[in-house]
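Asker: Structure, please.
(3 chains)
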Amino acid sequence: MPARRPTRLAKWLISGPPLLYLLVFFAAPTLIMVLASFRSPGEFGGLAPLVDAAGKLDINVDSYVRFFTEPVFFQVFVKSAWYAALTTVICLLLAYPLASLIARSGKKHRDLLLLLVILPFWSNFLIRIYAWMIILGPNAALAKLVNRVLAAFGAQPVPLLFSSFAVLVCLVYVSLPFMVLPLYANLEKHDQALLDAAQDLGANAWQRFWRITFPLSLPGVYAGAALVFIPALGIFAIPDILGGPDDTLIGNLIKQQFLETRDWPFGSVLSIMLTLAALVLAGTAAWIGRRSAGDSRA
Amino acid sequence: MNFRAIAALLAATVALAAPAHAKDELHLYNWNNYIAPETIKRFEAQCNCDVVQTYYSDNDELLAKLAAGARGYDILVPTSNAVQTLIGGGQLKRIDKTAIPNIKNIDPAYLNTQFDPGNQYSVPYAMSTTIIGYNDVKMKELGLPTDTWAVIFDPKYLQKVKGRVTVLDSANELFAAALKYLGYSVNDVDPKHWNEAADVIKKAKPYWAAFNASSYIRELATGNIWLVHGYSNDIFQANQDAQAAHRPFHILQGMPKQGAVLAVDNMVIHKDAPRPDLALRFINFMLEGRNSADLTNLIGSGNPNMDAIRYIQPAILKLPAVFPPKDVQAKLEQLKDLTIKQRRLRNQLWTEIKAAR
Amino acid sequence: MRRGSPWLWTAALVAYAFLYLPLLIVVVYSFNDSRLNAEWVGFTLDWYRKLFADGDMISAAGNSLVIGITASLASTVLGTMAGMAMHRYRLRVLPILILAPIAIPEILTGVSLLIFFVLLNFTLGLMSVALAHIAFCVGFVAIVVRARLAGMDESLTEAARDCGASPGRAFRYVTLPLIMPGVIAGALMAFTLSIDDFVITFFTAGAGTVTLPLQIYSMIKISVTPEVNAVSTLLMLLTLLLIIAAAKLSPSILRSNQET
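Answerer: Model prediction:
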């Protein structure tokens, strides 16, 4: 029986370094940002002086008031959440068969198949967006085909590029490996004997999937969903480059505050709101994940 | 053995990470593609130094990065209104005029402006206008006018080019155009007029394919987009690309009769410039007619340098959006910077425009 | 489920096609003899020639690689520790700090880190970018490692300890091999994220420190030429070679089986 002290020491030894690093390079900068949300924007940019010429301290909630009194900002929030949710669901549908296949294939193929999922993502993010510009462009084969079909049904031609469709396709495209990897990591551990036993007991493929594989894979699903949903919520480059006139998401709004309006306090407020929303969702996912993991173990 | 291999690898990594700084360096923070490569080579040969360029794509981006404390740049090339903001923010170093005798080449019309009285901090570099760009074949086919903002904002015209129009993804530029269309100054700050402009934009928006900041040059040149609200340089570039690709059309510049935004970009020295001496040499070098003309010949930018005219291709000199005749000049306005309160209102209107269906 | 395999294969093939079609187009169009790159014109190697003459692009690629390797190594070590700590102990602060950088919009991380570096008078450059990248990669590694550990048979490690193995040996010979697939997946993810990152790099890179995404962003803002296709083709090729080399040097590095 190991004594208590070494365990404690081990705990600090393995949790200490990442903790310290994140406290310094994440928590401290974020705290500074939260403080900024209670300040006024400076005329040149950045923040107004903490103490102005009249000796008044610059601490206020103006930016929060603005956020809660103008409905348009909330609308943008809802739209962003909708895009992110759609992306997550589509990613899950695409990633599940892929992850199961990889997890189930022979050891020789497994590494290669996994590598094939990750490989595309070593090409640059902006390049991947650009690739969709070529594919979805009005002179490309895809748009011509779609519009020929539409014309056959007497419908108006639609642009594929610069549309919500383009944004969604590209969001799914860039997010997919973040769903596949955790799903694979989970599915790979599943015990084939369990499925064989179910089969012997007369469960068909569908039943085996819904009753055994899927519930067991839920921790992987939740991890994947969090990894996809949250970055998708804050994205701005994709709607910037591929989006139509309606596709302003919360990420674009935040980028505007820092890169155009030079309104750091309001940008901070938007970021904090986005972060709160994301943390609540991630927390919920983790909680459900833990609960269902507990259930399936029982 | 193994250890030695690792050490060698580490050393190589470090060497790669920290290249030797043997030569003098001038750090130029510039718009993308806003200086001709041969001009840089010439300057590097003359000063026996390296020019290190970093790029920005928007004045607001430049201001935002400097406001966030970015350092290490010698020369910046902001537009006049941003120059004013930078002076106000105490970000610039005064220019010693005795070190830049070539300033005599600049057309006095572009000196001593309200943005920097007496040119204490800035020297004009190049210019552009924000105008209409169009596909000549398509616009002729559709019988649309190309000399009025109405073609960008009036649904009567827009319905014929639905989905083939893009406008700049810049609140300041688009509001300026809408204000001009309504007959106001681009620098009008009356919230009532801003609301009118926002309404004009919202009514026209369903006909636009996108708010576009980056790719409209390519879209124009490929023939996907037929009509844009864009910068004169970009439209010039789009036509060059289209001709190089042997497209059966031209991309032409349309100067709206209501007037347009003129942007004068200026060379300034950052207050923390590591090499102000090289910066002054660079400014004086760029004020030489031949060097200044390189840029105009490359990207079709307007040029305030009188000595440069003789080096510029005659075809470019003839473009009214690049070298506007007197009557057009009178209708051009430079944007002024907004106060933080005005910026907040504009951003809110802009968000409403973007979020509207 | 074995009977369902044809369906599975079809679905997986669709997913792989979706992953590779765009890249294939990027690669093919890097040989396209057209500046506009809207449709196929003819074969050329001009863009590669241009690329090798483009000093900016080459130094940007070098910067990206240095940052990517540094950030992925450091964040894999830190992230694996964090993943194990979160799995083994009931911690309060660490899980929040692990999830938060993922949950927080990149742009916020970027701007807040910039202000932080400026306040500390820390010179912006390769170092500040790498430090920033580590901060957001740790969480991704930790999550993947933890997903691997979740529900894993802990009794093996305990058995090793009972047999007298020191904690270090138990980790080296039992836990590490078991979680290796997760660690490698995490490391690959971190490298991917780092080399890909644009937003945070944009804010934390100083004057003259240009990474590949920053360089490409600059180009995309004006007009993308096939030179960008060419550089990303080469980058893909390079990483492919690196992986093959790594597998050759140490065959176990990519093996995800638990027996070895």
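Asker: which residues of the chain fall in helices?
Answerer: Reading this off chain A. Ranges of helices in chain A, per DSSP state H, are A:4-22, A:28-36, A:62-69, A:71-104, A:107-118, A:125-136, A:141-152, A:164-187, A:192-200, A:205-208, A:214-233, A:237-242, A:250-259, A:264-297.
Asker: try again with chain C
Answerer: Under DSSP H, chain C gives helices at C:5-29, C:46-52, C:55-88, C:93-103, C:106-119, C:126-149, C:155-162, C:167-170, C:176-196, C:199-204, C:212-222, C:226-249.
Asker: Buried deepest among those, which one?
Answerer: Counting by mean count of other CB atoms under 10 Å in any protein chain shown, helix C:126-149 has the highest mean neighbour count of the helices of chain C, with a mean of 27. C-beta here means a position set from N, CA and C on the backbone, and glycine is covered the same way.
Asker: Just list what that helix packs against, helices and strands only.
Answerer: helix A:4-22, helix A:164-187, helix A:214-233, helix C:55-88, helix C:93-103, helix C:106-119, helix C:176-196, helix C:199-204 (3 or more CB pairs under 8 Å, 6 or more residues apart in numbering or on different chains; DSSP states H and E).
Asker: Tell me the gap between that helix and the middle of its chain.
Answerer: Using CA atoms, centre = their mean, to the nearest Å, the mean C-alpha position of helix C:126-149 is found 9 Å from that of the whole chain.
Asker: Next: stretch B:66-82.
Answerer: 14 Å.
Asker: next one: stretch A:33-41
Answerer: Counting by CA atoms, centre = their mean, stretch A:33-41 comes out at 26 Å from the chain centroid.
Asker: first vs last residue of it, how far apart are they?
Answerer: 13 Å (CA to CA, to the nearest Å).
Asker: now the helices of chain C in JSON lines, with mean pLDDT and distance to A:Ala205?
Answerer: Compiled in JSON lines, the helices of chain C are given as follows (pLDDT from 0 to 100; distance: least, CB to CB, whole Å):
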{"stretch": "helix C:5-29", "mean pLDDT": "85", "distance to A:Ala205": "9"}
{"stretch": "helix C:46-52", "mean pLDDT": "87", "distance to A:Ala205": "49"}
{"stretch": "helix C:55-88", "mean pLDDT": "86", "distance to A:Ala205": "32"}
{"stretch": "helix C:93-103", "mean pLDDT": "78", "distance to A:Ala205": "35"}
{"stretch": "helix C:106-119", "mean pLDDT": "78", "distance to A:Ala205": "41"}
{"stretch": "helix C:126-149", "mean pLDDT": "86", "distance to A:Ala205": "25"}
{"stretch": "helix C:155-162", "mean pLDDT": "74", "distance to A:Ala205": "32"}
{"stretch": "helix C:167-170", "mean pLDDT": "75", "distance to A:Ala205": "40"}
{"stretch": "helix C:176-196", "mean pLDDT": "80", "distance to A:Ala205": "26"}
{"stretch": "helix C:199-204", "mean pLDDT": "82", "distance to A:Ala205": "44"}
{"stretch": "helix C:212-222", "mean pLDDT": "74", "distance to A:Ala205": "44"}
{"stretch": "helix C:226-249", "mean pLDDT": "72", "distance to A:Ala205": "34"}
